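Asks: got a predicted structure plus its sequence, pasted below:
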Amino acid sequence: MKFDRHQRRKIFSHGMTVLSGLAIVVILIPLIAILYEVIVQGLPAFSVGFFTKQFPVPCGSSNPSACPQGGIAPAIQGTFILIGMSSLIALPIGIGAAMFAVEYGGQSVWARAISTMADVLSGLPSILAGVFAYSLFLQYNRTLTFSTFSEAIALAVLMVPVVTRATEEALRTVPQSVREAALALGIPRWKSALRITLITALPGVVTGALLSIARAAGESAPILLTSLFSLHGFTGFNYSVTPMPLWIYYAATSPYHNWQVLAWGTALFLVLIILSISVVSRIVLNRLTRRAAGG
Amino acid sequence: MDGSSIKMRVQDLSAYYGKSRAIEHIQLDIPERKVVAVMGPSGCGKSTLVRCLNRIHETAPKARVEGTVLLDGEDLYALDATLVRRRVGMVFQKPNPFATMSIYNNVSAAPRFGGHYSRDEMDRIVVRSLKQAALWDEVRERVDAPATSLSGGQQQRLCIARALAAQPEVLLMDEPCSALDPLATAKIEQLISELKQEYTVVIVTHNMQQAARVSDYSAFLYLGKLIEFGPTEEVFERPKDHLTEAYITGRFG
Amino acid sequence: MPMGSGANPFPSSSPSRPRRPARWGNRIFAFLTGAGAVILVGIVLALFVFLYLGAKQSIDTFGFRFFTISIWNPFPYNVYGIVPFLAGTLITSSVALFVAVPLSLGAAIFLTQQAPRWMRGPVAQLIELLAAIPSIIYGFWALIVLVPIMRYDIEPKLYTYLGWTGLFSGTPIGLDVLTASLVLAVMVIPTITAISRDAMAAVPISQKEAALSLGATNWEVTRRSVIPYARTGIFAGIVLGLGRALGETMAVTLVIGNSNHVPKSLFSQGQTIASGIANQFLEASSPLELSALIEAGLVLLVIALAINVGARVILGRLQTGRGVGQE
């Protein structure tokens, strides 16, 4: 009887191991399915023209070869412009706030407030960043509600918390002894903060910046509200651009075959960009931290 | 005090972390170009005391200082803190070279961030400092290597060189050998006796033999109070206070 | 010159250097970084202010009835209530958690307790890859691949076998609350898994050894020792997952069916707050509808931030050790 019970417990334990392993398999199925689909459908769309040509004229024909192929040059351009602008806004704010919290705040109320605000903001549903940018310009300058400014501000709101938290974490890993060493040499606090602490923490800061860029590059919801269906690429800061994720949305919900093909290609290109950013930043972080540790 | 002039004078110095008092009402005269050892059991406030001498203490959260410290007769706490730290250098308990910098850049950190030197002058300062720290012969071939590539003892001497390159007048050493092996310790002790030709040295140690070996004057702290201060020989051979006697005869701490 | 009398070790190399006090540098630096801090805090405040300003017309018109009106109707009434959106949001999020929580916990248990060591890092990173895929790509994939599968394979079977529960009644067309919930589940799994995994990995070895020394099997160690110890972290992970599910937009927008009615079953078309905004913002029929959409956004903002803050508070307590360790 006792033996039986022991046996049963063992079997039950093994059963639970199998079940939890199964959970991994179930989770990885959609990952593999999505990547598979994006690669299989997206790869055929790649060509030189894909990267250099304008969006094609929508084509209703069911015969694909009768349709113009075109490319996604305006979307690539749009993504780069928006990433550049939103980085210019978000990186200084995020890095500055984190440095203030760590170098001046210490354990104070202010430092705590900054960390908390960054945490709070990191839970912001992305679409609300779009609603915010839209409402902001609605109050001040209606002509800019749909513009690259508006789009970039929406993205920046989403980037700031990522940068702040990553920078803060990186700065906090710099041992207090390093700051003391610098102060004890009579190096002014601001110089030591910029040229010693920040440099020591740089891998973490760069990783945070890259991750925030990866996030912004994939966002479409806030852009949807701050851009008007513009298919001609960049025509000035007062007009909106269509970055890659938004172009996927337009094309995916359109009935046009030639657009859908391009949407898959765009999806593949976007995934490649985002994954390589996160892989590269991880490698950079690992290598630099290992070197800093002297190993 | 046997004719040498007073470099630093500590008057009624108390220091706090938040509400807790680390040292209280310390009176101490530090003679020029001598080695002063500060000893006592752990937690007695000896680190806090030296950290008040270059105004590093106040950089800790909620830290506070009362009383005065005079450097060449000037009130330390009325001067600019960064300038004070240039004049009063510090070597920490654990070697803390800047991990992202080379050996050369570590040593040149203070002059680089604080003044305008030509490449030649900088080279001269670095070489002199490394020589003074008795590290030059070991690193002359690889001054551009990362500082972290050095051994623990070498790193500590690098930190000494880095402090010397700021051209200080006083050098504070907070248990500089506690993380080092005996061989490296011997090198640092030898170095200290050479450094006093040019610098005033204050060394914190919990190692009485070390205090006896390297110092000219010894201070004994207990529970944040200065119990005894005098020429090292006297403190060790004829302690005036029974606490000091108990400590140096190894009955506590 | 601060050099003491004759104490200069560098007589030949001490040029006169300008001793500019560092005070100004410090001030400028503090000002610039402080500006970053103020802007960060300002963004959070501005979110509330500008959403309120945008929502004002709707707030003035409907007042508290915004939360009780169960229609969203531009024509002919021009009357808007958040109930359909709120219902869609709560239903999709609950179903998503219902699916995601067991899977995530299973994965976290496997990754911290059972998997061979070499496997743990790579598999955990694969799961985190899920979080890196943009929302719009989930939506696109779901629209093209998942919706037909749901429509022709899965939903008819659910209808046949579980239709009697009432959850799976109506016409299975694939573009519905159920599909949206499943996509959401996949999207919140990395969040819940990562945080539960951290919590479980932080369980001290002594806790496990205590159970092992009593003759517990692997599963019993997990069940009696690891999960109770890590429960605060697991809970925080689930709450953060919920926060993500509530605000997720594009993937849901593409597959939920875009209908402003309270769903009657999981096969109904619906709308979440986020998808409602995405679908109708640019096509709002009147300034009042636009304002009502912004008010819905304000509601989402309050809910999402409250949930996020709640989860951080739990996690924060965990980190300072007041949470589990001393219970």
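Replies: In hand now; what should we look at?
Asks: which parts of the stretch 51-200 of chain A are helices?
Replies: According to DSSP state H, counting those that start in this stretch, the stretch 51-200 of chain A carries its helices in the segments A:73-99, A:109-122, A:126-140, A:148-173, A:176-184, A:189-192, A:198-200.
Asks: nearest to A:Val57, of those helices?
Replies: helix A:73-99 (13.5 Å; Cβ to Cβ). Heads up, the C-betas are built off the backbone N, CA and C, glycines and all.
Asks: the closest one - contacts with which helices or strands?
Replies: Using 3 or more Cβ pairs under 8 Å, 6 or more residues apart in numbering or on different chains; DSSP states H and E as the contact criterion, the elements in contact with helix A:73-99 are helix A:48-52, helix A:109-122, helix A:148-173, helix A:202-218, helix A:244-252, helix C:23-62.
Asks: helix, strand, or coil at the residue most central in space within chain B?
Replies: Nearest to the mean C-alpha position of chain B, counting by Cα atoms, centre = their mean, stands B:Leu172 at 1.6 Å. At B:Leu172 the chain is in strand, as set by DSSP: H, G, I helix; E, B strand; the rest coil.
Asks: so in terms of bridging, what pairs with it?
Replies: For B:Leu172, the residues forming beta bridges with it (DSSP bridges) are B:Met90, B:Val202.
Asks: pLDDT value on it, please?
Replies: If you check B:Leu172, the pLDDT there is 94.
Asks: please tell me how far it sits from B:Asn106.
Replies: 18 Å (Cβ to Cβ, to the nearest Å).
Asks: now C:Val79
Replies: Counting by Cβ to Cβ - C:Val79 and B:Asn106 are separated by 71 Å.
Asks: who's more crowded, the two?
Replies: For the pair C:Val79 and B:Asn106, the greater number of neighbours falls to B:Asn106 (26 against 17), based on other Cβ atoms under 10 Å in any protein chain shown.
Asks: helix or strand for the more buried one, just tell me which one.
Replies: Element membership for B:Asn106, per DSSP states H and E: helix B:103-107.
Asks: any idea of the mean pLDDT in that helix?
Replies: Helix B:103-107 comes out with an average pLDDT of 92.
Asks: what sits up against whatever helix or strand comes next after it?
Replies: Remark: after helix B:103-107, the chain's next helix or strand is helix B:109-114, criterion DSSP H and E. Contacts of helix B:109-114 from elsewhere in the structure, counted by Cβ atoms under 8 Å, 6 or more residues apart in numbering or on different chains, are A:182, A:185-188, A:191-192, A:195-196, B:82, B:86, B:98, B:101, B:105, B:117, B:122, B:125, B:162-163, B:165-167, C:17.
Asks: hmm, try it at 7 Å
Replies: Residues from elsewhere that reach helix B:109-114, judged by Cβ atoms under 7 Å, 6 or more residues apart in numbering or on different chains: A:185-187, A:191, A:195, B:86, B:98, B:117, B:122, B:125, B:162, B:165-166.
Asks: can you name the element that comes right after that helix?
Replies: Per DSSP H and E, helix B:109-114 leads on to helix B:119-132 as the next helix or strand towards the C-terminus.
Asks: now check that next one, is it near chain A?
Replies: No - for helix B:119-132 and chain A, the contact criterion (Cβ under 7 Å from any Cβ of the partner chain) is not met; the two come no nearer than 11.7 Å.
Asks: so what does that helix touch, helix or strand wise?
Replies: Identification of packing neighbours for helix B:119-132 by 3 or more Cβ pairs under 7 Å, 6 or more residues apart in numbering or on different chains; DSSP states H and E yields helix B:103-107, helix B:136-139, helix B:152-164.
Asks: could you dump it to PDB, C-alpha only?
Replies: This file holds the C-alpha atoms of helix B:119-132, laid out as PDB (Å, rounded to 0.1, in the frame of the first residue of the first chain):
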ATOM      1  CA  ARG B 119      50.600  65.700 -23.800                       C
ATOM      2  CA  ASP B 120      54.200  66.000 -22.600                       C
ATOM      3  CA  GLU B 121      53.300  67.300 -19.200                       C
ATOM      4  CA  MET B 122      50.700  64.600 -18.800                       C
ATOM      5  CA  ASP B 123      53.200  61.900 -19.700                       C
ATOM      6  CA  ARG B 124      55.600  63.300 -17.100                       C
ATOM      7  CA  ILE B 125      52.900  63.400 -14.400                       C
ATOM      8  CA  VAL B 126      51.800  59.800 -15.200                       C
ATOM      9  CA  VAL B 127      55.400  58.500 -15.200                       C
ATOM     10  CA  ARG B 128      56.300  60.300 -12.000                       C
ATOM     11  CA  SER B 129      53.100  59.100 -10.200                       C
ATOM     12  CA  LEU B 130      53.600  55.500 -11.300                       C
ATOM     13  CA  LYS B 131      57.200  55.700 -10.100                       C
ATOM     14  CA  GLN B 132      56.200  57.100  -6.800                       C
END
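Asks: run the angle between it and helix B:152-164 for me.
Replies: Orientation check (axes from the mean of the first three to the mean of the last three Cα atoms, to 10 degrees): helix B:119-132 against helix B:152-164 gives 130 degrees.
Asks: list the buried residues for helix B:119-132?
Replies: With burial defined by 16 or more other Cβ atoms under 10 Å in any protein chain shown, the residues of helix B:119-132 counted as buried are B:Glu121, B:Met122, B:Ile125, B:Val126, B:Val127, B:Arg128, B:Ser129, B:Leu130, B:Gln132.
Asks: determine which residue lies closest to the centroid of chain A.
Replies: Nearest to the geometric centre of chain A sits A:Arg215, at 1.0 Å (Cα atoms, centre = their mean).
Asks: do you know how far that one is from B:Val84?
Replies: Counting by Cβ to Cβ, the gap from A:Arg215 to B:Val84 is 45 Å.
Asks: now C:Leu90
Replies: Shown here: C:Leu90 relative to B:Val84, a distance of 62 Å by Cβ to Cβ.
Asks: of these two, who's got more company?
Replies: Using other Cβ under 10 Å as the criterion, C:Leu90 and B:Val84 rank with B:Val84 on top: 22 against 14.
Asks: next up, the contacts around the more buried one.
Replies: By Cβ under 7 Å, 6+ apart, B:Val84 lies in contact with B:Asn54, B:Arg55, B:Leu76.
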